[in-house]
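> Sequence isn't available, so here's the structure alone:
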């Protein structure tokens, strides 16, 4: 399993941008798919963006056209570029790495500690 550390969160005004980073260590990063999740106070954790080992991406409808996920395997890093931020994007953002999905189970799944994103109106 990999160990994950997120960074790049902070306080930004509505309409602004942030870039989150998820740095992995401890295993072969290129073997892992990476998802970004977020959890707002009182709400369930939700997936916002995903990138496969081959670089294919997927987004939640709420962030399509505003967020971009990318990976740099040479740097063991996945990025989440967030533009046109809205107050409803306020949450703790987590990255999740895994090698495969079997049924509903993510194989060799690891989570980071999260980074806080706060968008003011």
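Thanks, I have the structure now. In this text, all values refer to a predicted model and were calculated from it rather than measured experimentally.
> who touches the lowest-mean-pLDDT helix or strand in the chain?
Lowest by mean pLDDT, DSSP states H and E among the helices and strands of the chain is strand 100-102, with a mean of 87. Strand 100-102 is contacted from outside by 106-108, using C-beta atoms under 8 Å, 6 or more residues apart in numbering. All C-beta spots, glycine's among them, are computed from the backbone N, C-alpha and C.
> can we see that at 6 Å?
For strand 100-102, the surrounding residues in contact (C-beta atoms under 6 Å, 6 or more residues apart in numbering) are residue 107.
> Starting from residue 2, give me the distance back to the residue of the chain most remote from its centre.
Taking C-alpha atoms, centre = their mean, the residue of the chain most remote from its mean C-alpha position is residue 121, at 22.8 Å. As judged by C-beta to C-beta, to the nearest Å, residue 121 and residue 2 stand 36 Å apart.
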